[in-house]
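Visitor: Could you look at this predicted model? Sequence included:
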Amino acid sequence: MKKILITGGAGFIGSHVVRRFVTKYPNYQIYNLDALTYAGNLENIKDIEAAPNYTFVKGDIVDADFINSLFAIHNFDGVLHLAAESHVDRSISDPLAFVRTNVIGTMNLLNAAKNQWKNDFTDKLFYHISTDEVYGSLGAEGLFTETTAYDPNSPYSASKASSDHFVRAYGETYGLPYVLTNCSNNYGSYHFPEKLIPLFINNIIHNRPLPVYGDGNYTRDWLFVEDHAVAIDLVFHEGKNHETYNIGGFNEWKNIDLVKLLCQLMDQKLGRTEGTCAKLITYVKDRPGHDLRYAIDASKINTELGWKPSVTFEEGLERTISWYLDNTEWLDNITSGAYQSYYKDQYSV
């Protein structure tokens, strides 16, 4: 039975990956390591918590002694590293928190894997999940490829770029087997409502303003999180050692156009008069270092591994909206902070 460590598995993307691996691979023992900070929530994976091949471990990747002990006890065969601070706005106000988690935390995992595997890398793999933001900003034309030069513009993207470089360095210097993926903006269920889509869904439900940065013409590629989990599964099992794969939705939207579509769908779902939601759109001061456009060329993973998105953005967005409207209790608990009290009671933290 393979032992697989998934970091950040109580978070947004991580919970979808944990669920997929636990249900699809009963011959794997899945260890979900999460610090249960504000964006980590055990409610995200409640449906699989009793599975015989699943173990939750509360801990912080910044704690090197803890990480070394965890590897020594379980001798993992593979690592899927998703744990990260990921919100650009938070990185601007507290950049050192991003250095600690995204850089030092990744280093702790790399060292533990290298030391535990002791140069016997047979059937071992370190899979690092990263972001397209490491590439910087595009103009009106062009796409990010796997060979695009790194040019990060925010403390968040700089910390992720650094962690990417360390993963590759451990591959070249120590022979550590790794794969690395850079993904575009994810959306879907269980997304903490600080990011655009879940934040705006929550605000629309409560008739609150929808704050749009600048002129709203910033462009992003959007990837349905369940499609991302499928891609991660493929790369982990079929990706080539020491290779990088870009994962994108082939799906560019200007922020303001996305918000208008979201408003249209929300008015329909909530039975409101068309145009009601659009009145909530409020333009606010732009944030520092705001990248104009991200767009991913995902042809490599499509050609080599046969992956492509399974839904259009409109289909994925409608499914996402329906999930939040059907799970308002989850949304209320997240935004009220009630789940933190639950963790304190359960885990004495």
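Guide: The structure has been received and is ready for your questions.
Visitor: Show me what the helix ranked longest in the chain is packed up against.
Guide: Determined from DSSP state H, the single longest helix within the chain is helix 155-174. The helices and strands touching helix 155-174, judged by 3 or more Cβ pairs under 8 Å, 6 or more residues apart in numbering; DSSP states H and E, are helix 88-93, helix 95-98, helix 105-117, strand 125-131, strand 178-183. Any C-beta I mention is one placed from the backbone N, CA and C, and that applies to glycine too.
Visitor: Could I get the average pLDDT for it?
Guide: What helix 155-174 shows for mean pLDDT is 98.
Visitor: Pull the residues that contact that helix.
Guide: 84-88, 90-92, 95, 98-99, 101-103, 106-107, 110, 114, 119, 126, 128, 130-131, 133-134, 136, 150, 152, 176-178, 180, 182, 242 (Cβ atoms under 8 Å, 6 or more residues apart in numbering).
Visitor: buried residues in it?
Guide: Residues of helix 155-174 classed as buried: 155-164, 166-168, 170-171 (neighbour count, 16 or more other Cβ atoms under 10 Å).
Visitor: Filter the contacts of helix 155-174 down to the buried ones, ChimeraX style.
Guide: Buried members of the contacts of helix 155-174, defined by 16+ other Cβ under 10 Å, are picked up in ChimeraX with:
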select :84,85,86,87,88,90,91,95,98,99,101,102,103,106,107,110,114,126,128,130,131,133,134,136,152,176,177,178,180,182
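Visitor: hang on, isn't residue 319 packed against residue 311?
Guide: Yes. Residue 319 lies in contact with residue 311 (Cβ atoms under 8 Å); the separation is 7.3 Å.
Visitor: Look up how far residue 146 lies from residue 212.
Guide: According to Cβ to Cβ, to the nearest Å, residue 212 and residue 146 sit 32 Å apart.
Visitor: sorry, that was for residue 23
Guide: Plainly put, residue 23 is 30 Å away from residue 146 if you go by Cβ to Cβ.
Visitor: can you check residue 101 too?
Guide: From residue 101 to residue 146 the distance is 25 Å (Cβ to Cβ).
Visitor: cool, residue 57 as well?
Guide: According to Cβ to Cβ, residue 57 and residue 146 sit 32 Å apart.
Visitor: which of the two has more neighbours?
Guide: residue 146 (18 against 15; other Cβ atoms under 10 Å).
Visitor: A strand includes the more buried one, no?
Guide: No. Counting by DSSP: H, G, I helix; E, B strand; the rest coil, one finds residue 146 to be coil, located in no strand.
Visitor: For the closest residue to it other than its chain neighbours, name its beta-bridge partners.
Guide: Spatial nearest neighbour of residue 146, chain neighbours left out: residue 244 (4.6 Å); criterion: Cβ to Cβ, 6 or more residues apart in numbering. Judged by DSSP bridges, the bridge partners of residue 244 are residue 180.
Visitor: before we move on, back to that, now the longest helix of the chain and helix 105-117, what's the angle there?
Guide: 20 degrees (axes from the mean of the first three to the mean of the last three Cα atoms, to 10 degrees).
Visitor: So what's the gap between helix 155-174 and the chain middle?
Guide: Averaged C-alpha coordinates place helix 155-174 at 17 Å from its chain's average position (Cα atoms, centre = their mean, to the nearest Å).
Visitor: could you dump that helix to CSV, C-alpha only?
Guide: Extracted in CSV, the C-alpha atoms of helix 155-174 (Å, rounded to 0.1, in the frame of the first residue of the first chain):
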residue,chain,number,x,y,z
PRO,A,155,5.1,39.0,-2.6
TYR,A,156,2.8,36.0,-3.1
SER,A,157,4.0,35.2,-6.6
ALA,A,158,7.6,35.9,-5.6
SER,A,159,7.3,33.4,-2.7
LYS,A,160,5.8,30.7,-5.1
ALA,A,161,8.5,31.4,-7.7
SER,A,162,11.2,30.9,-5.0
SER,A,163,9.6,27.6,-3.9
ASP,A,164,9.5,26.4,-7.6
HIS,A,165,13.2,27.2,-7.9
PHE,A,166,14.1,25.2,-4.8
VAL,A,167,12.1,22.2,-6.0
ARG,A,168,14.0,22.2,-9.3
ALA,A,169,17.3,22.8,-7.5
TYR,A,170,16.7,19.7,-5.4
GLY,A,171,16.0,17.8,-8.5
GLU,A,172,19.2,18.9,-10.2
THR,A,173,21.5,18.8,-7.1
TYR,A,174,20.3,15.8,-5.2
